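1. Based on what follows, work out the 3D shape:
(chains A and B)
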Amino acid sequence: MRGRNFVFASLVAMLAASAAAQADPVQIRLWHMEQPPQRVARVQQLIDEFNKANPDIVVKQEPQNWGEVYAKAPAAIAAGNAPDILFAIPDFTTVIKGLGALTSVKDFVAKLNEQHHFIPATLRPYEYDGGVWAVPLYNMAISLWYRHSVFDKAGLKPPQTWSEWRKDAEALSKAGLYGAGLPANKQLYTDQTVYATMVNNGAAQLFGDDGALRFDNPKTVEAYAFYKDMFKYSAPDATNWTWGEAEACFDAAKCGTVLQFTVISTYNAQGGDPADLGVAAVPHNDGETASNTIAYSNAAMILAKDPAKRKAAEAFISFLLEPANYGRFLNMEPGLFLPATEDGAKAPSFWNDPLAVKYKSQIETMIANSQNGMLFGFTSGKVFPAIGAISAQNILAGTLQRIVVGGDAPAAAVAAGQKEMQEAAK
Amino acid sequence: MPIRRSQRLAARREAAFAALLVAPVLAWLGATLLYPLAVSLALSVENVRVIGSVGRFVGLDNYLSVLGSAAFWLALGRSVVWVVGNAVVQTALAMAAALVLEQSFPGVRIARTWIVLTWIVPTIVIVIVWRWLLSTSGGMINPLLIALGVIREPVGFFSTPASAMATLILINSWRWFPFIAVMLLAGLQRIPGELYEAAALDGASRFARFRRITLPLLQPTLFVLTVIGTLLSFNVFDIVWLLTGGGPANATTTLPILIYRTAFKGYRLSEAAAMSVVATVLLMGLALIAVRTLAPREEAR
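-> As a prediction, this is how the structure comes out:
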């Protein structure tokens, strides 16, 4: 009798434990670096919808900032307190992968690709070493921004080549504007504009196939020489510019052209006329046939190790990429984040945003430009760990400062830049 | 005899009570200063790159690398320029402000309160305000200087190495001089008024009174401010990083900026730890030298 009671009690206890386990939802911690309040609110809105539709999963967002996350995420991983989903850009992924914290999401990405068709340029920076290390979520690509009215008044046409851009910048400068609002700060924005120039002169590859640095080559030197030439048409404080200052220069109608991911939001906030806002591809060297640009594919890494958590993380990412939700996700900052998937690029949820309606033609051009996007260190299908340090130390921008602040010749500065990269790679 | 024993007991009890009162502070200091310092020391003899990763023991390699690096000595040199520049500008501004605020005039109380405003405003606000003021796109300083005929076209205050460092020193001094002014004002108010009256009766000029009375009697305050100010200035990171990021062309890369860059941009955490240890030793040495050589002597009082 006693034995039977014991078996019965054990069964009840097991069932209760199992029920309790089923009742406990899987907790997912999401770290992203989209800190502005409107972005946090939009992410929360989507999380609330997801949590409501998936009672067995609870996603919580913990916004971080890009300045700290390079140190904070590795520390959290070391402490066993890593988030389950962590947003990323390509060079950050190499850092986290280097810590052994990533498992390939190749199968998951393949499944998503069948459904949504990733734009290849957004996936490429995460495909290496036989795996896929993050799921592309949105893209950002640099374009050339200008005002039609300013160009018309000066009798100019939007530039397609370097010689046209130089001629336009000179004419705009004579008209009292900064003809080319280009930065020369030792900071990420300058890395981006410098690289946007390099990729338009056939100098996209930082590494050879064997991993040897090939930054110091005549094409790179020529690109820096052109940048130096154009920099004389920029504002005198441009050695200290980040994205905000360039945007302010354009918004204040002091810069005739700027290289930016977008100016739509601030331009619109200042009451700008959508029909007057021009956007074009970054001009290419006269010898090149087409324009390229720098593009940052932002993605989500899955750090969770527990299978249930990984499954839940995948469910949330799938939810974000569903066309009905995806446009709302991208429009957490309208006109900045571009679709990483083909069905996302057509999704009404993206195009129905009031700002997207107003600036449809500009956003279409931005998307078209992003198709030719590349990112330094992620162009050859092979990724070398040194890119993390090279990128974080802003060596591309530092090389430019040697020229425009230090007065070095472009060839000498590029040689010094390559040496610095080699040091960083040690 | 029993009285002496009871006195000793009372003294011991008092000492124990004092130790008990001080213990939480010491424990806090231990946790927030000694522990990180010990961790830095341990890190500095390893080869850890990214925070959280594992390194191996490399002995004094990082110290040899740091001491043999031109970047380290250049950054140290810039830190010296930064500290001296701030000390000179802040002391001059603060002394002038304190001398004015010591006078009696209508609104002096309000002025004494208002002066500390720049000091209590958060750094990020100060950075945003100054970046905007100095900007060539909508800033106010360039148009003002053009209107006054000082410059003919807008200039970039952070565009050359010399102007960037000078501008940073002025902004940082603008921020911190009220703190020093308040300290100096407290020092000034401790000087007996009779000394000035007697000197005036003897026919001493204002400058002579300042040189013979004010300066010598302010010496203890100035000494404390020199030591504390040097240590604080040396360690300033936020305003430099946010305004120039150490640029242009590394012209404002002081030692704290270099340490941060090495650790979190260059992923050489152990090398940065070695730099921190060297910087700590240098600062401790500097503080000791200052105490021994600059401290006002008892007989001078």
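2. quick one, strands of the stretch 151-300 of chain A?
-> A:257-260, A:277-280, A:293-302 (DSSP state E, counting those that start in this stretch).
3. Which neighbours in the sheet does the longest one have, and how are they oriented?
-> In other words, strand A:293-302. The pairing partners recorded for strand A:293-302 under DSSP bridges are strand A:85-88 (antiparallel), strand A:135-141 (antiparallel), strand A:373-374 (parallel).
4. now it, how far from the chain's geometric center?
-> 5 Å (Cα atoms, centre = their mean, to the nearest Å).
5. What is the subsequent helix or strand relative to that strand?
-> Tracing the chain past strand A:293-302, the next element assigned as helix or strand by DSSP states H and E is helix A:307-321.
6. what about the residue of chain A at minimum distance from chain B, distance to residue B:269?
-> Using Cβ to the nearest Cβ, residue A:78 is the residue of chain A that sits closest to chain B, at 3.1 Å. Heads up, the C-betas are built off the backbone N, CA and C, glycines and all. Note on residue A:78: its distance to residue B:269, by Cβ to Cβ, to the nearest Å, is 12 Å.
7. Quick check on the two: which one has the bigger neighbour count.
-> residue B:269 (26 against 16; other Cβ atoms under 10 Å in any protein chain shown).
8. How much space separates that one from residue B:275?
-> 11 Å.
9. Need the overlap of contacts for those two.
-> Counting by Cβ atoms under 8 Å, 6 or more residues apart in numbering or on different chains, residue B:269 and residue B:275 have no contacts in common.
10. Name the residues of the stretch 1-150 of chain A found near chain B, please.
-> A:70, A:71, A:74, A:75, A:76, A:77, A:78, A:79, A:95, A:98, A:99 (Cβ under 8 Å from any Cβ of the partner chain).
11. and the residues you listed, which are buried?
-> A:70, A:71, A:74, A:76, A:77, A:78, A:95, A:98, A:99 (16 or more other Cβ atoms under 10 Å in any protein chain shown).
12. want to throw those residues into TSV with secondary structure and pLDDT?
-> As requested, those are exported to TSV (DSSP: H, G, I helix; E, B strand; the rest coil; pLDDT from 0 to 100):
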residue	secondary structure	pLDDT
A:70	helix	80
A:71	helix	79
A:74	helix	86
A:76	helix	91
A:77	helix	91
A:78	helix	85
A:95	helix	87
A:98	helix	86
A:99	coil	86
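13. Show me the two of those residues that sit farthest apart.
-> Greatest spatial distance among these (Cβ to Cβ): A:76 and A:98, at 15.2 Å.
14. Give me the nearest residue to the residue most central in space within chain A, chain neighbours excluded.
-> Residue closest to the mean C-alpha point of chain A, counted by Cα atoms, centre = their mean, is residue A:296 at 2.9 Å. Distances taken as Cβ to Cβ, 6 or more residues apart in numbering or on different chains place residue A:140 nearest to residue A:296, at 4.6 Å, with adjacent residues excluded.
15. Can I get stretch A:408-418 in PDB? Just the C-alpha atoms.
-> What follows is stretch A:408-418 as a C-alpha-only set of coordinates in PDB (Å, rounded to 0.1, in the frame of the first residue of the first chain):
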ATOM      1  CA  ASP A 408      51.600  64.100 -45.400                       C
ATOM      2  CA  ALA A 409      51.500  63.100 -49.000                       C
ATOM      3  CA  PRO A 410      48.800  60.500 -49.800                       C
ATOM      4  CA  ALA A 411      51.300  57.800 -50.700                       C
ATOM      5  CA  ALA A 412      53.200  58.200 -47.400                       C
ATOM      6  CA  ALA A 413      50.000  58.400 -45.400                       C
ATOM      7  CA  VAL A 414      48.600  55.200 -46.900                       C
ATOM      8  CA  ALA A 415      51.900  53.400 -46.300                       C
ATOM      9  CA  ALA A 416      51.700  54.600 -42.700                       C
ATOM     10  CA  GLY A 417      48.100  53.500 -42.500                       C
ATOM     11  CA  GLN A 418      49.000  50.000 -43.700                       C
END
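16. Just the buried positions in it, please.
-> A:408, A:410, A:411, A:413, A:414, A:415, A:416, A:417, A:418.
17. and that stretch, how far from the chain's centre?
-> Distance, centroid of stretch A:408-418 to centroid of chain: 27 Å (Cα atoms, centre = their mean).
18. Is that stretch positioned near chain B?
-> No: using Cβ under 8 Å from any Cβ, stretch A:408-418 stays clear of chain B, coming no nearer than 9.4 Å.
19. Need the pLDDT of the closest residue to chain A within chain B.
-> Per Cβ to the nearest Cβ, residue B:52 is where chain B lies closest to chain A, at 3.1 Å. With respect to pLDDT, residue B:52 scores 74.
20. Would you enumerate the residues in contact with it?
-> Here residue B:52 is in contact with A:74, A:75, A:76, A:77, A:78, A:79, A:99 (Cβ under 8 Å, 6+ apart).
21. can you rerun that using 6 Å?
-> A:74, A:75, A:77, A:78 (Cβ atoms under 6 Å, 6 or more residues apart in numbering or on different chains).
22. With residue B:76 instead?
-> Counted by Cβ under 6 Å, 6+ apart, residue B:76 has contacts residue B:255.
23. Give me the buried stretch members for the helix or strand of chain B with the lowest mean pLDDT, please.
-> Least confident helix or strand of chain B, by mean pLDDT, DSSP states H and E, is helix B:117-120 with a mean of 79. Judged by neighbour count using 16+ other Cβ under 10 Å, the buried positions of helix B:117-120 are B:118, B:119.
24. Other residues contacting that helix?
-> By Cβ under 6 Å, 6+ apart, helix B:117-120 touches B:175, B:178, B:179.
25. ok, then the element right after it?
-> helix B:123-134.
26. How about that following helix and chain A, touching?
-> No: under the criterion of Cβ under 6 Å from any Cβ of the partner chain, chain A is not reached by helix B:123-134; the shortest gap measures 6.9 Å.
27. Can you name every helix or strand that that helix contacts?
-> For helix B:123-134, the elements it packs on are helix B:238-243, judged by 3 or more Cβ pairs under 6 Å, 6 or more residues apart in numbering or on different chains; DSSP states H and E.
28. Show me which residues of chain B sit near chain A.
-> Neighbours of chain A within chain B, by Cβ under 6 Å from any Cβ: B:50-53, B:136-138, B:154-156, B:158-159, B:245, B:247-249, B:264-267.
29. Please check those residues and keep the buried ones.
-> B:50-53, B:136-137, B:154-156, B:158-159, B:245, B:247-249, B:264-267.
30. still on that earlier bit, quick one: the least confident helix or strand of chain B to chain centroid distance?
-> Using Cα atoms, centre = their mean, the offset of helix B:117-120 from its chain centre is 15 Å.
31. Alpha carbons of that helix, as PDB, please.
-> Extracted C-alpha coordinates of helix B:117-120, given in PDB (Å, rounded to 0.1, in the frame of the first residue of the first chain):
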ATOM      1  CA  LEU B 117      26.400  76.800 -12.600                       C
ATOM      2  CA  THR B 118      29.000  75.700 -15.300                       C
ATOM      3  CA  TRP B 119      30.500  73.300 -12.800                       C
ATOM      4  CA  ILE B 120      27.200  71.500 -12.000                       C
END
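32. For chain B, which residues score under the pLDDT cut-off?
-> Under the criterion pLDDT under 70, the flagged ranges of chain B are B:1-3, B:294-301.
33. which is the next helix or strand following the lengthiest helix in it?
-> Ordering each helix of chain B by length in residues (DSSP state H) puts helix B:70-102 first. Per DSSP H and E, the first helix or strand lying C-terminal to helix B:70-102 is helix B:108-114.
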